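Q: Pasted the sequence and its predicted model underneath.
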Amino acid sequence: MEQSATLDIETLKITQDQFVLASHSLHVQRPGCGAVYHVGLYGWRKRCLYFLLLLLLVIIIVNLALTVWILKVMNFSVDGMGNLRLNQDGIHLDGVSEFLQPLYVNEIQSRRDSLLVLRSEKNVTLNARNSQGQLTGQLTVGPESVQAQCQRLEVRSTDGGRLLFSADDQEVTMTTERFTVTGLEGAVFGHSVETPLVQAKTSEDLKLESPTRALTMEAPRGVEVNAAKGPLRISGRKDLQLESTEGEILLDANSIQLGRLPLGMYTASPSQAFQEQAVFEVCVCPSGKIYLAPAETGSSCQAMSSICLWS
């Protein structure tokens, strides 16, 4: 055993010596190295790159912060933004809203427990257009007047069924049971008025007056003037004409007074005739003029009286 171990060691020594001799005998010539090039960013370029990256990171963080702040302030949510809510029926707004441009909607409706207020510094104008874009109706609420421009204006009751007032190019119709004018000067009509009844309140007088022109009342089946609990007075500056083409004129009252009728006789003084004569009769000329004549045993009315001749 000792002899074999000694041989192995000797063998290893011979092999190691042969390797060293072989390596010294081989002369490998390596190529020479020139300039050395460094790969990467160094110096001021590296500092500029880090500065740009840092600036970009700051900008991203600021943008994210501003976005979160805007979402928080404007109260963005899945349903809408702030006081604006989007639902299946349309848009729901709470509070005061300001529109700087025209608003096109199908319907504007307020909440059940609040009013709908449209406010403007000048006026509020509502326009209705057809499919071609032509203006068909306009309602303008201004500081001095309210103007409606349309083919027909209608005012209906609260339930929307009964028509109360309508106006168009041809006529104005009022279907209310009573039309009341509370002004001190009453109602002024520039042209004719057609109505089945003109009636005053129970405690007030009814006055029909035409200061500068004639007052005419006519109807195809008659005109009835009735004062149930007061006097009836008809006066005119010039002529008072009662005319019936096919019927009669009926004056029905407890007493009928015709004041200041002319006396149908010639005297030096009319006052002297009234003092001497106590009873008179009323006479009518063929022209329809009424005058007084002294009452005698027979009728003193004469068709050729001076009153009739000069009437």
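A: Looks like it came in fine. Keep in mind it's a predicted model, so treat the numbers as computed, not measured.
Q: Need the phi and psi values for residue 283.
A: Listed backbone geometry of residue 283 is phi -120, psi 150, with angles given as degrees, to the nearest 10.
Q: In this structure residue 293 contacts residue 302, no?
A: Yes. Assessed by CB atoms under 8 Å, residue 293 is found in contact with residue 302 at 7.5 Å. For every residue, glycine as well, the C-beta is placed using N, CA and C.
Q: which residues are in contact with both of these two?
A: With contacts defined as CB atoms under 8 Å, 6 or more residues apart in numbering, the residues shared by residue 293 and residue 302 are 264, 283.
Q: Who has more neighbours out of the two?
A: For the pair residue 293 and residue 302, the greater number of neighbours falls to residue 293 (19 against 15), based on other CB atoms under 10 Å.
Q: Tell me which other helices or strands the strand or helix carrying that one touches.
A: Mapping residue 293 onto the secondary structure by DSSP states H and E places it in strand 290-294. The elements that strand 290-294 packs onto, with contact taken as 3 or more CB pairs under 8 Å, 6 or more residues apart in numbering; DSSP states H and E, are strand 280-284.
Q: The strand it packs on packs against which elements?
A: Contacting strand 280-284 under the criterion 3+ CB pairs under 8 Å, 6+ apart are the following elements: strand 290-294.
Q: Repeat the analysis, applying 10 Å as the threshold.
A: The elements that strand 280-284 packs onto, with contact taken as 3 or more CB pairs under 10 Å, 6 or more residues apart in numbering; DSSP states H and E, are strand 290-294, helix 306-309.
Q: And the ones you listed, which one averages the lowest pLDDT?
A: For the helices and strands packed on strand 280-284, mean pLDDT drops lowest on helix 306-309, to a mean of 76.
Q: And it, what's buried?
A: 307-308 (16 or more other CB atoms under 10 Å).
Q: Could you tell me the angle between the strand holding residue 293 and strand 280-284?
A: With axes from the mean of the first three to the mean of the last three CA atoms, to 10 degrees applied, the angle from strand 290-294 to strand 280-284 works out at 140 degrees.
Q: Identify each buried residue in strand 290-294, please.
A: 291-294.
Q: same check, this time on stretch 49-66
A: Residues of stretch 49-66 classed as buried under the neighbour-count rule (16+ other CB under 10 Å) do not occur.
Q: export it as CSV, just CAs?
A: Taking only C-alpha atoms (Å, rounded to 0.1, in the frame of the first residue of the first chain), the coordinates of stretch 49-66 have been written out as CSV:
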residue,chain,number,x,y,z
LEU,A,49,-32.0,63.5,-17.0
TYR,A,50,-32.7,63.1,-13.3
PHE,A,51,-34.0,66.7,-13.1
LEU,A,52,-36.4,66.0,-16.0
LEU,A,53,-37.6,62.8,-14.4
LEU,A,54,-38.1,64.5,-11.1
LEU,A,55,-40.0,67.4,-12.8
LEU,A,56,-42.3,65.0,-14.7
LEU,A,57,-43.0,63.2,-11.5
VAL,A,58,-44.0,66.4,-9.7
ILE,A,59,-46.3,67.4,-12.6
ILE,A,60,-48.0,64.1,-12.5
ILE,A,61,-48.6,64.3,-8.8
VAL,A,62,-49.9,67.9,-9.1
ASN,A,63,-52.3,66.9,-11.9
LEU,A,64,-53.6,64.0,-9.9
ALA,A,65,-54.1,66.2,-6.9
LEU,A,66,-56.0,68.9,-9.0
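Q: pLDDT averaged over that stretch - what is it?
A: Regarding stretch 49-66, the rounded mean pLDDT is 94.
Q: and what of stretch 146-166?
A: Stretch 146-166 carries an average pLDDT of 85.
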